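Peer 1: need a 3D model of the following:
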Amino acid sequence: MNLPHPQDMPTFPQRFLESWPPDAWHGRVTLIAVSGGADSMALMRLMADTLDPPGREKLHAVHVNHGLRGQASDEDQRFVVAWAERLGVSVHTCSLAAETLSPEQATDGLEAAARDARYAFFEEVAREVEARYLVTAHHQDDQIETVLHRILRGTGIAGLQGIAPARQWLPGVGLVRPLLPFTRKEIVDYLTSIGQTWREDATNAEQDFTRNKIRNDLLPRLREAIGPQVDQSLVRLSSQAAECQAVVDDLVDELWEATVAVDDATTVRIEVSRLQSVRPYLVRELLVRIWKQQNWPRQDMSQLHWQKLSDLVFRQADAVADVLPGAIRAAREADELILKR
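Peer 2: Numbering: from 1, shown residues only. Model (predicted):
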């Protein structure tokens, strides 16, 4: 068996460009979410280094100083600004007021609030510069942690997909994660090879957040007990779930066309008589699709709520469900389930 010579093997930048071909993004206004950590610094370097100086004018680094780590947060911001300017990349920063993210919030609540604040700022900049893409530095290790986190919380097939490589974020703006095929070790090795520095977030070593516990404690224990194949097993699970969900989505598309009528932003009618022979799982997926399309709040919808709605579809008698999170009322009237906010 003839193995390729190391010199003939593709470099990390070459593999990155194969993962996200330049034709897809060269010449298009692109926001790069840059925290200053290894992953986002690698992403900014990979993109900037493939372009000549005029081409870099289309790149915009976006950074949010959450103010959660005091002086260290300010130093992160100065680091990102300095490197963006050095690379010829436009940079946009936002410093949050101290009261914006309250340390008294529950840990998951704080993470969610920080994420919401970041994306609100990213959206503001995207509209200002008429961006075509927002790119983030999520990588394979993030995918593994996400899938495992969702398994522990309890999730369906959709949740097992983990982090999507790409999706629509705003109308006309795609959210792309081109580092998703790569491990953090590969990213760090690349930065070391080019002498690129980065900032370390000390809170990543703390055990206050569920994700940190998974990264720093649970995954190392699993690798020690079962072997390093744990990582690729979770990656394969994510990939298989995505294929499965694509089939489910096609079936839900057909159900939507046959049974759903959207009156307006507040009212949806479902012709339940056509759903009596449909498997309950697909009916629940249809209901989730309605919530997504209507932009109704899903975070507080528990499995019990979805089950009550499914029961209304298959129940023959007229009935009214409890008022659901987001002040949404579900009523079964003859052959229709009426959802009204």
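
Peer 1: from here on, contacts and neighbour counts on C-alpha atoms
Peer 2: OK.

Peer 1: contacting residues for residue 161?
Peer 2: If a contact means C-alpha atoms under 8 Å, 6 or more residues apart in numbering, then residue 161 has 147, 237, 238, 239, 240, 241, 242 as its contacts.

Peer 1: make it 7 Å
Peer 2: Contacts were defined as C-alpha atoms under 7 Å, 6 or more residues apart in numbering; by that measure residue 161 touches 238, 239, 241, 242.

Peer 1: and the second one, how many residues sit next to it?
Peer 2: Summarising burial for residue 239: neighbours were counted as other C-alpha atoms under 10 Å, giving 16.

Peer 1: can I assume it sits in a helix?
Peer 2: Yes: with DSSP: H, G, I helix; E, B strand; the rest coil as the criterion, residue 239 is assigned to a helix.

Peer 1: could I get the pLDDT score of it?
Peer 2: What the model reports for residue 239 is a pLDDT of 95.

Peer 1: for it, which non-adjacent residue is closest in space?
Peer 2: residue 161 (6.5 Å; C-alpha to C-alpha, 6 or more residues apart in numbering).

Peer 1: phi, psi of that neighbour?
Peer 2: Backbone torsions for residue 161, taken as degrees, to the nearest 10, come to phi -60, psi -30.

Peer 1: kindly report the same for the one 3 residues further on.
Peer 2: Phi and psi for residue 164, reported as degrees, to the nearest 10, are phi -70, psi 140.

Peer 1: distance of the closest residue to it other than its chain neighbours from residue 142?
Peer 2: The shortest distance from residue 164 to any residue other than its chain neighbours is 7.8 Å, reached at residue 177 (C-alpha to C-alpha, 6+ apart). To residue 142, residue 177 is 11 Å away according to C-alpha to C-alpha, to the nearest Å.

Peer 1: if you count surrounding residues, which of the two has more?
Peer 2: Set side by side, residue 177 and residue 142 show more neighbours around residue 177, with 21 against 18, by other C-alpha under 10 Å.

Peer 1: from residue 238, how far out is that one?
Peer 2: The value you get for residue 177 to residue 238, if C-alpha to C-alpha is used, is 15 Å.

Peer 1: look up how far residue 161 lies from residue 119.
Peer 2: From residue 119 over to residue 161 (counting by C-alpha to C-alpha), the distance is 22 Å.

Peer 1: same question for residue 16.
Peer 2: 22 Å.

Peer 1: part of a helix, is residue 248?
Peer 2: Yes: counting by three-state DSSP, residue 248 is part of a helix.

Peer 1: tally of neighbours for it?
Peer 2: 17.

Peer 1: which pLDDT value belongs to it?
Peer 2: Reported pLDDT for residue 248: 96.

Peer 1: distance of it relative to residue 168?
Peer 2: When residue 248 is compared with residue 168 (using C-alpha to C-alpha), they lie 19 Å apart.

Peer 1: also residue 222?
Peer 2: From residue 222 to residue 168 the distance is 34 Å (C-alpha to C-alpha).

Peer 1: residue 335 too?
Peer 2: From residue 335 to residue 168 the distance is 35 Å (C-alpha to C-alpha).

Peer 1: more neighbours: which of the two?
Peer 2: residue 335 (16 against 12).

Peer 1: give the contact list for that one.
Peer 2: Contact analysis of residue 335 by C-alpha under 7 Å, 6+ apart lists 271, 272, 273.

Peer 1: can you check residue 143 too?
Peer 2: Residues in contact with residue 143, defined by C-alpha under 7 Å, 6+ apart, are 162, 163.

Peer 1: which SS class is it?
Peer 2: Residue 143 ends up helix, using three-state DSSP.

Peer 1: relative to residue 248, how far out is it?
Peer 2: 22 Å.

Peer 1: cool, and residue 31?
Peer 2: With C-alpha to C-alpha as the criterion, residue 31 and residue 248 are 32 Å apart.
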